[in-house]
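**Q** give me the fold of what follows.
(chains A and B)
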Amino acid sequence: MANDSNGDRSQQWEAQLRKGCLEMAILACLWQSRLYGLEILHSLSAKSNLDVAEGTLYPILSRLKAEGLLQSEWVEAETGHPRKYYWLTAPGRRRAREMADAWSGFATKLALIVQPVVGNHVTAGQGGKKR
Amino acid sequence: MTAMAMANETTASNEMTNPRIGAYLQRLDAALAGVPATEKGEILREIETHILDSCFGAQDPSGTLDRVLRLLGTPEELGDRYATEFLLTRASRSFSPWLLLQTCWRWGRLGIKGTLAFFIGLFGYGLALGLTVAVFLKPLFPGKVGMWIGSGQFVIGITDHPEATHELLGRSFVPVMAAAAFAIAIGTTQALRWMIRKRSRADSPRRVPT
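**A** As a prediction, this is how the structure comes out:
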């Protein structure tokens, strides 16, 4: 019972962590090129392991556009129907940089704290194998 | 092209390609009540494009469509998310107490912060309204309405036993309470706007399946 409870909490914590990073990850995806919704989903999944549901992504894109961080344009595609491409506006690029800087500093410092935990985990695993 | 025309074209093209997509978009159209027509047309068109793109070239089109529609959520859930995002964005720039309260009520369905914001708004605006009513009643019932102290009680508003209490402020009641009501209303508005602007982005999506 206690193990189940701890497992649930661990999953909830991880889900909250992923949610908190989502906006930054979306903005970062658009840093180098214009992408449409499905490409953003694939990019998030491939590069960050963030498997975002479609029903979650599109309302966020809509909000980021309303906030002036993104701009969009319909472009005809070879599939026969147009696609809505998004790109970062100047405020969007500023926001992405601020978030990335904050994240980078935070992650670097936190990595120092968790290093012994991760190190012990590896050592314990190796020790177990030796025995 | 107008939003309505875009929406109609979207629905019409869907009905030709797949009735399930058309039905999904029609329900989404209904669920987006409150979203401006221009935005609604864009949303319907984008969701249609997403479904078509996801199913394009799929070996099992029916199974793929099932999966795509499941990941989008029901049209009502998706419409609710769009409408909430739209309201939050609009409210963060608004000074309308009604819009701010309405938005916080909706936001409250997504998390505890929204619920807290709603109750702060309800208390703040309720207090400001109560004081405003007292300001208007004071000239009509000067002997009953005011700020009263005595007999172990402190009352702002109407007292049934003015003879047992002492009135504070006197003629200053109206300007002081009017100023207080105004300050409380402004303070509540700014607090709600601040909470909405500073809201955790994590509150926006309901779930991020892994």
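
**Q** domain ranges for chain B, per the record?
**A** Taking automatic domain parsing as the criterion, chain B consists of the domains B:3-91, B:95-210.

**Q** what residues does residue B:87 make contact with?
**A** Taking CB atoms under 8 Å, 6 or more residues apart in numbering or on different chains, we find residue B:87 in contact with B:34, B:99, B:102, B:103, B:106, B:107. For the C-beta atoms, the positions are set from N, CA and C on the backbone; glycine is no exception.

**Q** nope, residue A:74 is what I meant
**A** Here residue A:74 is in contact with A:82, A:83, A:84, A:85, B:45 (CB under 8 Å, 6+ apart).

**Q** what's the pLDDT at the residue nearest to the second one when sequence neighbours are not counted?
**A** By that I understand residue A:83. Counting by CB to CB, 6 or more residues apart in numbering or on different chains, residue A:36 is the residue found nearest to residue A:83 once chain neighbours are left out, at 4.2 Å. Among the per-residue scores, residue A:36 holds a pLDDT of 94.

**Q** helix/strand/coil for residue B:109?
**A** coil (DSSP: H, G, I helix; E, B strand; the rest coil).

**Q** spell out which parts of chain A neighbour chain B.
**A** A:14-16, A:18-20, A:22-23, A:36-38, A:50-56, A:58-60, A:62-63, A:66-67, A:74, A:79, A:81-84 (CB under 8 Å from any CB of the partner chain).

**Q** just the buried ones from the residues you listed, in PyMOL syntax?
**A** Restricted to buried positions by 16 or more other CB atoms under 10 Å in any protein chain shown, the PyMOL selection for those reads:
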select buried, chain A and resi 18+19+22+23+36+37+38+50+52+53+54+55+56+58+59+60+62+63+66+67+74+81+83+84
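
**Q** what about the residues of chain A next to chain B, which are in strands?
**A** A:36, A:74, A:83, A:84 (DSSP state E).

**Q** relative to residue B:29, how far out is the last one?
**A** If I follow you right, that is residue A:84. 18 Å (CB to CB, to the nearest Å).

**Q** repeat that for the first one.
**A** Counting by CB to CB, the separation of residue A:36 from residue B:29 is 22 Å.

**Q** before we move on, what about the second one?
**A** The spacing between residue A:74 and residue B:29, counted by CB to CB, is 19 Å.

**Q** can you get me a residue count around residue B:114?
**A** Counted by other CB atoms under 10 Å in any protein chain shown, the residues lying close to residue B:114 total 22.

**Q** so how far is the helix or strand harbouring it off the chain centroid?
**A** Assigned by DSSP states H and E, residue B:114 belongs to helix B:112-137. Distance, stretch centre to chain centre, for helix B:112-137: 16 Å (CA atoms, centre = their mean, to the nearest Å).

**Q** hmm, back to that, just the residues of chain A next to chain B: which are in helices?
**A** Those of the residues of chain A next to chain B mapping onto helices are A:14-16, A:18-20, A:22-23, A:37-38, A:54-56, A:58-60, A:62-63, A:66, per DSSP state H.

**Q** quick one, strands of chain B?
**A** B:145-150, B:153-158, B:166-168.

**Q** indicate which one of those is closest to residue B:61.
**A** Comparing these against residue B:61 with CB to CB, the closest turns out to be strand B:153-158 (67.6 Å).

**Q** and the closest one with helix B:112-137, angle?
**A** 70 degrees (axes from the mean of the first three to the mean of the last three CA atoms, to 10 degrees).
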